[in-house]
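Enquirer: when you get a sec, could you give me coordinates for this:
(one chain, ligands or ions: 2)
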Amino acid sequence: MKAQPYSGYLRRAVPTPDPELTQVGPESPCGEYIRRAWQPVAMLSELGERPLALRILGEDLVLFRDRSDRIGLLHRHCLHRGASLEYGIPMERGISCCYHGWTFDIDGTILSTPAEPPTSRIRDTRCQGAYRVHVHDGLVFAYLGPPETTPPFAVYDTARAGADAVPFAIRMPCNWLQVYENTQDPVHVVYLHTRISGAQFGDASGADQEIEYRQTPLGMTNVQTRRWGDHYWTRCTETILPNCNQGGAIWEAADKRKIFQRAAFTRWMVPIDDTNTLVIGWRYFSDDLDPQGLGDRSKVGRQSIDFIGQTEEERSYEERQRQPGDYEVLVSQRRIAVHALETLASSDQGVAMLRRMLRKNIRALAEGTAPVPVSAGPDGLLATYVQDTVIPAPPAAEAKLERERLARVGKRVADLVLASGQQPAAERRDWIDTQLTGAPPEA
Ligand code: FES
Ligand SMILES: [Fe+2]
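Expert: Ligands and ions are numbered 1, 2, ... in the order given. Next comes the predicted model:
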């Protein structure tokens, strides 16, 4: 087909978005797939003595803490006549609906129906819908899948890598997939975050990069390798299926040798419904991750984080137009990005690969094959693959040779990072260092 100027009229129709990857409500194939993994649903700090109304995967829920300090996650509408339990009263045990006083335990069991005669059998025959919860490092997780397939709760090795984990939760008014697949679009870092909006995450991010995409036991990672001054910097930005992502230091200066430096954040793109997403996780703080002290943990929390371009509230519309960030590009792809209108190109290999992996798993589950959770190691930690490695570089060569070197460094670091998943978490860095020192890829 030939390019056709002034063709607006011919392209005025907007097709419907891809339902298989973007619809997440109850019984949708994608929603069912995401439900098979533990999902963070709130920061623990948001849960006071009053119940918290939540909407997750198109389902209205209420999170509460009873007076015995137990946390429950119930269907929001009372099974009696539907009043919202966000107006319920936390009891010594469970929560009481404000309308007729029916009281539900954290597992949904009816504890009392005070307006009914003592002979009533309702409590033996009905249960309020409830989900299991698990609190970890200041986040409340829930398992929203079939109870008989509850996977063990996995602690990622990045959560025990010596940094402080500070929870955050940011709402984005758009479909989950466009937020998620941005994490496998490393090319936008060079353009949006550096050359177009000015250096939002450090100058080194703007250097030309060689990229490859690798499958991991948990999903995939992109491997970005750049020259910065007299160093090579290889970054692995990780996708953990179905909807988690981990990234390296926000303002990586890439000016001194470092091996296998771990995540600056772990976050989940949790669908609220088809057109809203909760980006929730931990921002990690340590001197190694942020030697210049550019981060600010006091800014990390509800609808706020300490790096630019993640919310609408942080800047004026004019500022956001002049220096757009992730929020602007993600939310502006329409409430649900329409894949049929896209022009996927060579820079979208990671996006295409992620969509393929998601589609394959969604279809497999719909046909009866559930995702198999990867087990933690003997140390109780699940090996993940996010990292930054910076090694000294020889003097720059001519362009073609330099690109070959970058690719070789990236490949070697990625091979070692993937292989190191077999080592105990505490030994991975030294193991990679030994291998790299023994056979330097930059030679
Ligand atoms: S609606 Fe909840 S007790 Fe009646
Ligand atoms: Fe970004």
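Enquirer: can you list the residues of the chain near ligand 1?
Expert: Contact residues (C-beta under 6 Å from any ligand atom) of the chain with ligand 1: 78, 80-81, 83, 97, 99-100, 102. All C-beta atoms are positioned from the backbone trio N, CA, C, and that covers glycine.
Enquirer: just curious, which of these is nearest to Gly8?
Expert: Among those, Ala83 lies closest to Gly8 (C-beta to C-beta), at 49.8 Å.
Enquirer: in space, what's closest to the closest one - neighbours in sequence excluded?
Expert: Distances taken as C-beta to C-beta, 6 or more residues apart in numbering place Tyr99 nearest to Ala83, at 4.0 Å, with adjacent residues excluded.
Enquirer: ok, now which ones touch the one you found?
Expert: Tyr99 sits next to 78, 80-81, 83 when contact means C-beta atoms under 8 Å, 6 or more residues apart in numbering.
Enquirer: now do the end-to-end distance for stretch 145-153.
Expert: End-to-end distance for stretch 145-153: 13 Å, by C-alpha to C-alpha, to the nearest Å.
Enquirer: ditto for stretch 384-396
Expert: First residue to last in stretch 384-396 (C-alpha to C-alpha) measures 32 Å.
Enquirer: for stretch 343-355, same thing?
Expert: Termini of stretch 343-355 sit 15 Å apart (C-alpha to C-alpha).
Enquirer: state the mean pLDDT of it.
Expert: The average pLDDT within stretch 343-355 is 97.
Enquirer: hmm, who's touching that stretch?
Expert: 21, 177, 180-181, 184-187, 211, 213, 220, 222, 239.
Enquirer: buried stuff in stretch 58-76?
Expert: 58-59, 61-66, 71-76 (16 or more other C-beta atoms under 10 Å).
Enquirer: the residue of the stretch 201-350 of the chain found nearest ligand 1 pairs with what?
Expert: When scored by C-beta to the nearest ligand atom, the stretch 201-350 of the chain has Asp273 as its residue closest to ligand 1, at 23.8 Å. Beta-bridge pairing for Asp273 (DSSP bridges): Asn276.
Enquirer: contact partners for it?
Expert: So Asp273 contacts 24-25, 55, 57-58 (C-beta under 8 Å, 6+ apart).
Enquirer: can you check the pLDDT for the residue nearest to Ala83?
Expert: pLDDT for Tyr99: 98.
Enquirer: quick check: which element contains it?
Expert: According to DSSP states H and E, Tyr99 maps onto no helix or strand at all.
Enquirer: gap between it and Gly108?
Expert: 17 Å (C-beta to C-beta, to the nearest Å).
Enquirer: just Leu381 next, same as before
Expert: Going from Leu381 to Gly108 by C-beta to C-beta gives 32 Å.
Enquirer: about what we covered before: closest to ligand 1 among the contacts of Asp273?
Expert: If you rank the contacts of Asp273 by distance to ligand 1 using C-beta to the nearest ligand atom, Arg55 comes first, at 19.3 Å.
Enquirer: wait, is Asn245 part of a strand?
Expert: Yes. Looking at Asn245 with DSSP: H, G, I helix; E, B strand; the rest coil, it is inside a strand.
Enquirer: what's the neighbour count on the residue nearest to it when sequence neighbours are not counted?
Expert: Of all residues not flanking Asn245 in the chain, Thr183 sits nearest, at 4.1 Å (C-beta to C-beta, 6+ apart). Burial of Thr183 is recorded as 23 neighbouring residues (other C-beta atoms under 10 Å).
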